[in-house]
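Novice: sequence first, then the predicted structure, then my questions.
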Amino acid sequence: MTTRAIVIGGGLHGTSTALHLAQKGLDVVVIEKNSAGRHASGVNAGGVRQLRRHPAEIPLSVAAMDRWLNLDAFLGPDLAAMCEFTGHVGQVAVAETDAEMAGLVAREAELRELGWTHEELLDQAELRRVAPALATHCVGGLISRRDGHASPYRTSQAFRLKAQRDGVRFQEGTRVRGLAQTGTGWRVETSAGGIEGDVVVNCGGAWGWQVAAMVGEALPHIEFAPTMMVSARVPKFLDPVVIGTGRKLSFKQTENGTVVIGGGILGIPDLDAETADPVAERLVESARTVYDLFPIMRTATIVRCWAGLEARMPDEIPVIGPSTTAANLWHAFGYSGHGFQLSPIVGSLLADLIVDGKSPLPLEAFRAGRFNEGPVAAHPGTAS
Ligand SMILES: Cc1cc2nc3c(=O)[nH]c(=O)nc-3n(C[C@H](O)[C@H](O)[C@H](O)COP(=O)(O)OP(=O)(O)OC[C@H]3O[C@@H](n4cnc5c(N)ncnc54)[C@H](O)[C@@H]3O)c2cc1C
């Protein structure tokens with residue numbers, strides 16, 4: 001009999017896990033309370049970034065980047081084109097002061113020590129070559145050259161179409177309300193009735209802790225609401241994505257000329273209402289950073305702002321792996337503001353773990369049980 005997997009959540013992580021499980025021959029249903037890609041996956045900054053990852057995430061991020069750079073093979077040429085992915089433009093952390101530059105030098109040394117060479121220091125002249133529009137006070141930077149950006153909404157839809165091509169069924173507008181074990185399997189109670197399966201995967205994003213709580217598993221629940229702004233079209237002036245070192249900034253110009261600005265300014269999350277509101281006064285900080293770093297933007301017009309809902313873990317890295325309390329239940333959520341880039345690989349690793357019993361890349365650091373093992377340390381500089 002075919003094994004049935006029920007994936008809770010139709011964001012990029014649920015969809016990626018579903019499509020990889022289907023490719024391994026499972027019968028897969030995705031249950032989504034709203035519509036696939038409606039939350040963080042469809043509204044994020046679209047940053048495809050290996051730069052400044054938590055050390056535990058680096059192997060995953062590098063493997064994910066291989067997939068982004070080979071989207072044709074992963075999704076097929078038509079769906080790959082739909083993602084509007086631009087790679088090899090680089091993401092650059094920019095230093096405005098010597099002290100910030102010293103931090104970047106230390107980071108590059110730390111990575112080299114760990115055996116990674118994808119983050120390279122830029123002196124002031126090289127920084128100007130890579131991003132000529134940056135203000136002249138910037139003293140240098142740290143670049144990851146393969147990095148880039150993609151359209152989050154279009155990528156979410158491309159992943160979903162790929163999953164459907166691979167046989168995954170999506171049940172949208174359906175809320176999971178409870179989980180009950182049936183021998184070795186599960187009965188999932190939803191707003192549209194019960195459904196039985198052998199394996200359940202919790203990809204519930206900001207609501208992932210609620211799904212865990214359905215089996216009595218207490219996982220951290222810190223929801224937050226990163227905020228974005230977008231400008232009207234301006235003539236092309238920037239190729240790489242620029243991120244702040246001492247200030248909150250992620251800054252990119254898309255192919256159509258609009259500039260997308262984020263970097264960790266927070267709005268107000270409301271999990272029950274399933275929405276998040278930007279706070280205008282806080283966006284002034286973002287606008288000031290852009291004004292200082294990109295003089296060319298001083299006459300630009302901001303046309304829209306929004307905030308998205310995301311789960312943050314105390315140590316800023318996700319939970320990926322088996323439940324600590326129930327068999328055949330798996331978690332993958334809590335990406336803490338940087339899970340877009342990881343989505344092609346985590347679904348694949350999780351499918352390997354579920355079906356073959358082992359992941360080709362280390363996932364130990366992401367175990368759900370770590371929060372019961374004493375204090376966990378946050379890692380700086382991981383917000384997208
Ligand atoms: C504004 C913003 C900017 C960001 N920028 C970047 C970036 O530049 N680069 C980067 O790498 N990452 C970025 N991120 C983070 C990234 O978007 C997320 O880490 C990623 O999308 C998480 O995907 P997900 O599938 O885990 O969650 P989601 O996309 O939130 O999907 C979870 C889904 O589960 C569903 N669900 C939850 N509970 C239930 C239930 N009980 N029943 C049914 N369905 C349920 C929800 O409705 C939701 O659709 C950003 C996030 C935000 C909000």
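Specialist: Perfect, I can see it now.
Novice: okay, the residue nearest to residue 165 when sequence neighbours are not counted and residue 27: tell me how far apart.
Specialist: Once flanking residues are discounted, residue 165 sits nearest to residue 76: 7.8 Å by CB to CB, 6 or more residues apart in numbering. For glycine as for every other residue, the C-beta is placed from the backbone atoms N, C-alpha and C. Look at residue 76 and residue 27: by CB to CB, to the nearest Å, they are 22 Å apart.
Novice: likewise for residue 206?
Specialist: Separation of residue 206 from residue 27 (CB to CB) stands at 28 Å.
Novice: so if I had to pick from those two, which one is more boxed in?
Specialist: Per other CB atoms under 10 Å, whichever of residue 206 and residue 27 has more neighbours is residue 206, with 27 against 17.
Novice: quick one, what contacts the more buried one?
Specialist: Residues in contact with residue 206 (CB atoms under 8 Å, 6 or more residues apart in numbering) are 39, 40, 223, 269, 271, 309, 310, 311.
Novice: that one should be in a helix, yeah?
Specialist: Yes. Per DSSP: H, G, I helix; E, B strand; the rest coil, residue 206 lies within a helix segment.
Novice: need the pLDDT of it.
Specialist: Residue 206 carries a pLDDT value of 98.
Novice: kindly report the same for residue 375.
Specialist: Residue 375 carries a pLDDT value of 67.
Novice: and stretch 273-288, how far out from the chain middle?
Specialist: Its chain's C-alpha centre and that of stretch 273-288 lie 20 Å apart, by CA atoms, centre = their mean, to the nearest Å.
Novice: give me the subset of the contacts of residue 206 that lies in helices.
Specialist: Using DSSP state H, the subset of the contacts of residue 206 located in helices is residue 40.
Novice: show me just the buried residues among the contacts of residue 206.
Specialist: Neighbour counting by 16 or more other CB atoms under 10 Å classes 39, 40, 223, 269, 309, 310, 311 among the contacts of residue 206 as buried.
Novice: so residue 11 makes contact with residue 43?
Specialist: No. When contacts are counted by CB atoms under 8 Å, residue 11 is not listed as touching residue 43 (10.4 Å).
Novice: OK, contacts around the residue in the stretch 1-150 of the chain that the ligand sits nearest to?
Specialist: Residue nearest to the ligand within the stretch 1-150 of the chain (CB to the nearest ligand atom): residue 11, separated by 2.2 Å. Shown in contact with residue 11 (CB under 8 Å, 6+ apart): 36, 37, 39, 40, 41, 42, 156, 203, 205.
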